[in-house]
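Participant: what's the 3D shape of this:
(2 chains)
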Number of protein chains: 2
Amino acid sequence: MVKNCFSVIIAGGKGTRFWPLSRAQRPKQLLKILSRKSLIDETVERVYALGGRKNTLVVTVADQVNALSKELRALPKMNFLAEPQGKNTAPCIGLAALEVLRRNPDAVMVVLPADHWVADVATFRRTLKVAADLAIAQDQLVTIGIRPDYPETGYGYIMKAQALGEKNHGVFRVKRFTEKPTLTVARRLMRQGSLWNSGIFVWKAATLLELLNRYQPAIGSILNVIATAAKGRSLANPNPQLRAVMAREYKKLPSLSIDYAVLEKAGSEGRVLTLEADFGWSDVGSWAAVHRMMRKDTHGNAGNGRWVQLGSKNCLIHAPDRLVVLLGINDAVVVDTPDALLVGDLKRSQEVRDLVDELQRQGLGSFTVK
Amino acid sequence: MVKNCFSVIIAGGKGTRFWPLSRAQRPKQLLKILSRKSLIDETVERVYALGGRKNTLVVTVADQVNALSKELRALPKMNFLAEPQGKNTAPCIGLAALEVLRRNPDAVMVVLPADHWVADVATFRRTLKVAADLAIAQDQLVTIGIRPDYPETGYGYIMKAQALGEKNHGVFRVKRFTEKPTLTVARRLMRQGSLWNSGIFVWKAATLLELLNRYQPAIGSILNVIATAAKGRSLANPNPQLRAVMAREYKKLPSLSIDYAVLEKAGSEGRVLTLEADFGWSDVGSWAAVHRMMRKDTHGNAGNGRWVQLGSKNCLIHAPDRLVVLLGINDAVVVDTPDALLVGDLKRSQEVRDLVDELQRQGLGSFTVK
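Facilitator: Model (predicted):
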């Protein structure tokens, strides 16, 4: 346990790329694709060790609170923070910082997406404890940078500047953030020792709010209105008046990512550190990513459910309720649900998002919102 | 209508290559893969015009009679002839010939498999009437030969000898039957004007029995025992004694095809004619054959049910109860049933048979016999 440490799990994503398994009422973080537990359940259990159950908060949009609290029964109702609507990560993290600060003025927050995968949980926890101590000691924004396994083009990268020194092994100032690169650029970034931006951040709540106010005064002032209206009351348990203020104020908020709103700007002022980590990580961004993480049979096939193959290699099968038989099919993804079935080229699984758009266009939106 | 004409529909096949749609209790002839009607229903309706409903007989194995009579409600119970067990086509056609002869000593029989496809029904009927007249006039065994569209290696071929003459346009003596050839041989056969052996035969019942007795005395004598035991009673309505005799005698019968047992031998004695026909025909032998016959969308995809595709061509989809979405998948077959799903390379659809063997080996026989 780390003193004054809070874990803030951001659970706002839809996971369109996991259609047909993901639907509006069954977003990615609730999917059981890598184990018998949902991604958010795995995430919550990974971070209990940091601040304890009491200090583990989940931030989500209002219409997902019920589904999430049903999924995470061990977590008290007071640990769920509901945004009136999704406005990307900057407002979401700002709101969480308000609540964390209210609970503990010395709080350090570990911010994590709900839907990532980690191979080595012990190293993950050790890394985050180091990051929390670092954020307290240095009063900086700390990002967790992952040593890349391969030149992934779907991730953001962190370019390192000088190392902090011997006492802080693996800690660097951040030179620059780079969004999803081309393959050529990704290869160069990898050669230069750049790190994957994991989207896991550690900082003091007070520091984050201070910088948010400085770089994004529009967001800062709206958060101040909400804090004033709360009158010391928990944002996790708003009364009708507070709820009305939050709904009204949220409408005015710009949709900005924390990376754009704060980190890039703070980085150029030398306020961002990165802690180089290697605990086996993925953002579970597509069916291809799932296949990469899962244990394969001798033919490179992996999945949930029962399958039989003849001359079929490197396939991902998700079909818990049906026997799947593959004949001469390679590099495919097969996802079976009660009303819809996906059969796709695993290498094109990023395009599942476009398929969902296509379904909407063809008047088959009921298959995406069910 | 043709005087004294009977249609004998042979409905014994299992259709393993149509797994997972076909199962032991749902054999190929009962499948609705090409239209809203089952293959046998289409077959029966195609031949009513020859001898009328009364003269349309279905021969099948005992345990399929109920399912078939449920499917063909318009056909009287007396029109179903049950073999105690399957023994290939020679005993089956011999048994049918006995019954047809009992009903009409001058009968000419049109023998057809239950599970074929015909594009041009009017030409089909005209062809069979010509064949029936020919069989009566010449007292020969008449086979329907199909002008090949392409060098199919899954069919048998009929090599033509001399034409019969002007009054019998398109009629040839048969030089030889060739079983499933290699692609090279199939190409040569096609160049030489050989015809596909459709498995549709026309002959007088008395003539067929005479030749069966001559070429296969073992089968002939067993059929004689059955005929004697029937004492003029219909084989479609056996009393317990007759049923017991049939069961006992059938066990002794060899499994022989009519092609091997009679046609090849009669052909070398100049007793077989072929009538060259072109009515659009297929034996519906695999999912690839089904794809070939079905109407395609602009991307070459065809099927039953609703599907959406992105970058997917030349697929066959059978999924009446579920939305199928294809992403970057070409030349595939997707067959969706309540408990099992097939995703395969359409070009390898002949191997579905091997898959069923593999399922048996893996203890998943329940998926093949259900």
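
Participant: which element follows the helix of greatest length in chain A toward the C-terminus?
Facilitator: Taking DSSP state H as the criterion, chain A has its longest helix at helix A:121-138. Next in sequence after helix A:121-138, counting helices and strands by DSSP states H and E, comes strand A:141-146.

Participant: Show me what counts as buried in the next helix or strand after that next one.
Facilitator: Sequence-wise, the next helix or strand downstream of strand A:141-146 (DSSP H and E) is strand A:157-163. Using 16 or more other Cβ atoms under 10 Å in any protein chain shown as the test for burial, strand A:157-163 gives A:157, A:158, A:159, A:160. Any C-beta I mention is one placed from the backbone N, CA and C, and that applies to glycine too.

Participant: what does stretch A:47-56 give?
Facilitator: So, applying 16+ other Cβ under 10 Å, buried residues of stretch A:47-56: A:47, A:48, A:49, A:50, A:51, A:55, A:56.

Participant: And stretch A:193-209, by the same measure?
Facilitator: A:194-209.

Participant: Out of those residues, list just those in helices.
Facilitator: Per DSSP H, those map to helices at A:205, A:206, A:207, A:208, A:209.

Participant: Next up, the contacts around the third one.
Facilitator: For residue A:207, the contacting residues are A:135, A:139, A:140, A:141, by Cβ atoms under 8 Å, 6 or more residues apart in numbering or on different chains.

Participant: Just the buried ones among the residues you listed, please.
Facilitator: The buried subset of these (16+ other Cβ under 10 Å) comprises A:135, A:140, A:141.

Participant: restrict the residues you listed to contacts with chain B.
Facilitator: Residues of those in contact with chain B (Cβ under 8 Å from any Cβ of the partner chain): none.

Participant: Just the closest of those to chain B, please.
Facilitator: residue A:141 (39.1 Å; Cβ to the nearest Cβ).

Participant: The spatially most central residue of chain A: what's it in contact with?
Facilitator: Among the residues of chain A, the one closest to the centroid is residue A:113, at 2.1 Å (Cα atoms, centre = their mean). If a contact means Cβ under 8 Å, 6+ apart, then residue A:113 has A:9, A:10, A:11, A:13, A:43, A:199, A:200, A:283 as its contacts.

Participant: again, only this time at 6 Å
Facilitator: Residues near residue A:113 by Cβ atoms under 6 Å, 6 or more residues apart in numbering or on different chains: A:10, A:199.

Participant: Please tell me how far it sits from residue B:188.
Facilitator: Distance, residue A:113 to residue B:188, by Cβ to Cβ, to the nearest Å: 65 Å.

Participant: Excluding sequence neighbours, find me the nearest residue to whatever residue of the stretch 51-200 of chain A ends up closest to chain B.
Facilitator: Residue of the stretch 51-200 of chain A nearest chain B, by Cβ to the nearest Cβ: residue A:154 (17.0 Å). Counting by Cβ to Cβ, 6 or more residues apart in numbering or on different chains, residue A:285 is the residue found nearest to residue A:154 once chain neighbours are left out, at 5.3 Å.

Participant: How is that neighbour assigned, secondary-structure-wise?
Facilitator: What DSSP: H, G, I helix; E, B strand; the rest coil gives for residue A:285 is coil.

Participant: what about it, how many neighbours?
Facilitator: 19 (other Cβ atoms under 10 Å in any protein chain shown).

Participant: coming back round to it: which residues make contact with the longest helix of chain A from outside it?
Facilitator: Counting by Cβ under 6 Å, 6+ apart, A:2, A:5, A:46, A:49-50, A:108, A:110, A:118, A:142, A:202-203, A:275, A:277, A:279 sit against helix A:121-138.

Participant: Make TSV out of the buried residues of stretch A:47-56 and add distance to chain B.
Facilitator: Listed next are the buried residues of stretch A:47-56 as TSV, based on distance: Cβ to the nearest Cβ, whole Å:
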residue	distance to chain B
A:47	35
A:48	38
A:49	40
A:50	39
A:51	42
A:55	42
A:56	37
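
Participant: which two from these end up farthest apart in space?
Facilitator: Greatest spatial distance among the buried residues of stretch A:47-56 (Cβ to Cβ): A:49 and A:55, at 11.0 Å.

Participant: The residue lying closest to residue A:277 once chain neighbours are set aside - how many residues pack around it?
Facilitator: Distances taken as Cβ to Cβ, 6+ apart place residue A:127 nearest to residue A:277, at 4.6 Å, with adjacent residues excluded. Neighbours of residue A:127 under the rule other Cβ under 10 Å: 22.

Participant: Which parts of the stretch 51-200 of chain A are strands?
Facilitator: According to DSSP state E, counting those that start in this stretch, the stretch 51-200 of chain A carries its strands in the segments A:56-61, A:80-83, A:108-113, A:117-118, A:141-146, A:157-163, A:171-178, A:195-204.

Participant: Just put those in JSON lines and tack on mean pLDDT.
Facilitator: Formatted as JSON lines, the strands of the stretch 51-200 of chain A follow (pLDDT from 0 to 100):
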{"stretch": "strand A:56-61", "mean pLDDT": "97"}
{"stretch": "strand A:80-83", "mean pLDDT": "97"}
{"stretch": "strand A:108-113", "mean pLDDT": "98"}
{"stretch": "strand A:117-118", "mean pLDDT": "96"}
{"stretch": "strand A:141-146", "mean pLDDT": "98"}
{"stretch": "strand A:157-163", "mean pLDDT": "95"}
{"stretch": "strand A:171-178", "mean pLDDT": "95"}
{"stretch": "strand A:195-204", "mean pLDDT": "98"}
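
Participant: out of the ones you listed, which comes closest to residue B:333?
Facilitator: Of the strands of the stretch 51-200 of chain A, nearest to residue B:333 by Cβ to Cβ is strand A:117-118, at 33.3 Å.

Participant: Quick one: list the elements packing against that closest one.
Facilitator: With contacts defined as 3 or more Cβ pairs under 6 Å, 6 or more residues apart in numbering or on different chains; DSSP states H and E, strand A:117-118 has no packing partner among the helices and strands.

Participant: Contacts for that strand next, please.
Facilitator: A:34, A:124, A:279, A:281, A:282, A:284, A:293.

Participant: which of the residues you listed count as buried?
Facilitator: A:34, A:124, A:279, A:281, A:282, A:284.

Participant: measure the third one to residue A:210 for me?
Facilitator: Spelled out, it's residue A:279. Counting by Cβ to Cβ, the gap from residue A:279 to residue A:210 is 30 Å.

Participant: Residues of chain A that sit close to chain B?
Facilitator: A:310, A:322-329, A:334, A:340-345, A:348, A:355, A:367 (Cβ under 6 Å from any Cβ of the partner chain).

Participant: Mind checking which of these land in strands?
Facilitator: Under the assignment DSSP state E, the residues of chain A next to chain B contribute A:310, A:322-327, A:334, A:340-345 to strands.

Participant: in chain A, what spans have low per-residue confidence?
Facilitator: The model of chain A has pLDDT under 70 over residues A:369-370.

Participant: and residue A:225, what does it touch?
Facilitator: Neighbour list for residue A:225: residue A:249 [criterion: Cβ under 6 Å, 6+ apart].

Participant: With residue A:262 instead?
Facilitator: A:211, A:212, A:215.

Participant: same question, residue A:282
Facilitator: Counted by Cβ under 6 Å, 6+ apart, residue A:282 has contacts A:117, A:289, A:293.

Participant: hang on, the earlier thing: out of the contacts of strand A:117-118, who's nearest chain B?
Facilitator: Looking across those and measuring by Cβ to the nearest Cβ, the closest to chain B is residue A:284, at 18.5 Å.

Participant: In space, what's closest to that closest one - neighbours in sequence excluded?
Facilitator: residue A:117 (5.1 Å).

Participant: Which positions are bridged to residue A:113 in the beta structure?
Facilitator: residue A:10 (DSSP bridges).

Participant: Okay, now stretch A:319-334: how far is its last residue from its first?
Facilitator: Length of stretch A:319-334, first residue to last, Cα to Cα, to the nearest Å: 8 Å.
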